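Engineer: dropping the sequence and predicted coords here.
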Amino acid sequence: MISRVLGWFLLATAFASSAQAGDSPRVVTADGAITEIVYRLGLESLLVGVDTTSGYPEQTDSLPKIGYLRALPFEGVLALKPDLLITSEQAAPEENLERLARAGVQVEKLSSARTPDAALERIVTVGELLGQQERAQTLASELRLQINRIQQASQSRGSRPKVLFILAAGNHSVMLAGEETAASALLDTVGADNAVSGLKGYKPVNREAVLASQPDAIVIAESTPGQFAIGSWPEVERLDAWQSGHRLVADGMLLLGFGPRLPDAMAAVNEVLPASSNVSANDS
């Protein structure tokens with residue numbers, strides 16, 4: 001821990017020295033949520049490249065793309081001459097990350113966030129890495145207030161609705177979200193439960209399981225807009241939750257990224273959850 005803190009301190013000092021010398025440090029981010037943090041901190045001028053999971057905000061379209069988070073190319077990253085690569089523990093291959101470090105790139109792999117506390121801690125960490133800890137602390141405090149308000153509102157239901165959570169990357173890649181996923185973690189932040197029991201991770205949709213789930217609400221995370229075609233999924237469309245309007249179709253990174261838009265994701269999900277009087281007898 002001491003060595004990590006020392007590393008952050010030395011990096012922040014180096015960044016400050018570069019700024020005084022008129023040289024902007026060159027930063028690459030490989031994780032959509034981390035990229036969003038950099039933008040929310042107003043430090044996007046430091047970015048010289050991002051990965052393909054970084055599609056928000058739309059200004060990221062103008063930046064060079066280094067490839068997919070789980071298949072980062074050594075040459076593609078090094079060609080951008082970064083001083084720092086900030087990524088997550090999902091980054092791969094490890095061999096290329098080690099090669100980048102040996103080539104003089106500061107490589108920082110941050111833990112994935114599955115709770116509001118972890119999401120806010122990651123914001124502070126990015127701020128420390130970029131020499132803007134105070135700014136990051138301020139942002140984290142603002143988001144904490146928003147999160148607290150949403151959670152207080154969700155607690156007023158007095159029950160835990162069951163939610164069917166679907167991850168859609170096109171009709172040929174539609175997955176059910178089970179336990180131990182970012183999807184299930186998001187539901188927990190607003191006092192809801194996963195409607196699919198006995199399933200861990202993301203698994204191809206089983207149409208019988210969809211009908212058997214009898215959810216109180218349905219949430220669909222799309223990797224790009226329009227990828228879930230409800231006409232191809234009559235089993236979902238027939239569910240009472242869909243028919244009654246307790247449904248949400250939204251951007252996957254918004255819902256699953258646990259980045260600075262986490263309060264927005266929580267509010268969007270909470271809005272489609274039924275009031276306690278309308279929750280089905282699934283829990284009884």
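Structural biologist: Noted; the coordinates are in hand.
Engineer: strands of this protein, start to end?
Structural biologist: 27-30, 47-50, 84-88, 106-110, 162-168, 174-177, 193-194, 202-204, 217-222, 247-251 (DSSP state E).
Engineer: winner for burial among those?
Structural biologist: The highest mean neighbour count among the strands of the chain, using mean count of other Cβ atoms under 10 Å, belongs to strand 27-30: a mean of 29. (Glycine included, C-beta is placed from N, CA and C.)
Engineer: who does that one pair up with?
Structural biologist: Strand 27-30 has the following strand partners under DSSP bridges: strand 47-50 (parallel), strand 84-88 (parallel).
Engineer: quick revisit: can you lay out the strands of the chain as a markdown table showing distance to residue 230 and mean pLDDT?
Structural biologist: Formatted as a markdown table, the strands of the chain follow (distance: least, Cβ to Cβ, whole Å; pLDDT from 0 to 100):
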| stretch | distance to residue 230 | mean pLDDT |
| --- | --- | --- |
| strand 27-30 | 33 | 98 |
| strand 47-50 | 32 | 98 |
| strand 84-88 | 32 | 98 |
| strand 106-110 | 36 | 98 |
| strand 162-168 | 10 | 96 |
| strand 174-177 | 11 | 93 |
| strand 193-194 | 21 | 96 |
| strand 202-204 | 18 | 92 |
| strand 217-222 | 9 | 97 |
| strand 247-251 | 8 | 97 |
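Engineer: so can I have CSV of those showing distance to residue 275?
Structural biologist: Shown next, in CSV, are the strands of the chain (distance: least, Cβ to Cβ, whole Å):
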stretch, distance to residue 275
strand 27-30, 40
strand 47-50, 40
strand 84-88, 36
strand 106-110, 37
strand 162-168, 14
strand 174-177, 24
strand 193-194, 16
strand 202-204, 29
strand 217-222, 11
strand 247-251, 16
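Engineer: out of those strands, flag the one nearest residue 98.
Structural biologist: Of all those, it is strand 106-110 that lies closest to residue 98, at 8.1 Å by Cβ to Cβ.
Engineer: show me the contacts for the nearest residue to residue 179 once chain neighbours are set aside.
Structural biologist: Spatial nearest neighbour of residue 179, chain neighbours left out: residue 200 (5.1 Å); criterion: Cβ to Cβ, 6 or more residues apart in numbering. Residues in contact with residue 200 (Cβ atoms under 8 Å, 6 or more residues apart in numbering) are 178, 179, 180, 181.
Engineer: how close does the second one get to residue 197?
Structural biologist: With distances taken as Cβ to Cβ, to the nearest Å, residue 179 is found 8 Å from residue 197.
Engineer: could you do the third one as well?
Structural biologist: With distances defined as Cβ to Cβ, the gap from residue 180 to residue 197 amounts to 13 Å.
Engineer: can you give me the helices for the stretch 51-200 of the chain?
Structural biologist: 74-78, 94-102, 116-129, 133-155, 182-189 (DSSP state H, counting those that start in this stretch).
Engineer: to residue 42, which of these lies closest?
Structural biologist: helix 133-155 (7.3 Å).
Engineer: buried residues in the closest one, which are they?
Structural biologist: Using 16 or more other Cβ atoms under 10 Å as the test for burial, helix 133-155 gives 133, 135, 136, 139, 140, 143, 147, 150, 151, 154.
Engineer: over to stretch 255-272?
Structural biologist: Applying 16+ other Cβ under 10 Å to stretch 255-272 flags 255-270, 272 as buried.
Engineer: looking at these, which are in helices?
Structural biologist: Residues from these lying in helices, with DSSP state H as the criterion: 255, 256, 262, 263, 264, 265, 266, 267, 268, 269, 270, 272.
Engineer: what is the nearest of those residues to residue 90?
Structural biologist: Using Cβ to Cβ, those come closest to residue 90 at residue 256, 11.8 Å.
Engineer: for that closest one, give me its contacts.
Structural biologist: Neighbours of residue 256 in contact, by Cβ under 8 Å, 6+ apart: 167, 182, 183, 186, 221.
Engineer: residue 29 - nearest residue in space that isn't next to it in sequence?
Structural biologist: Counting by Cβ to Cβ, 6+ apart, the residue nearest residue 29 is residue 35, at 4.4 Å.
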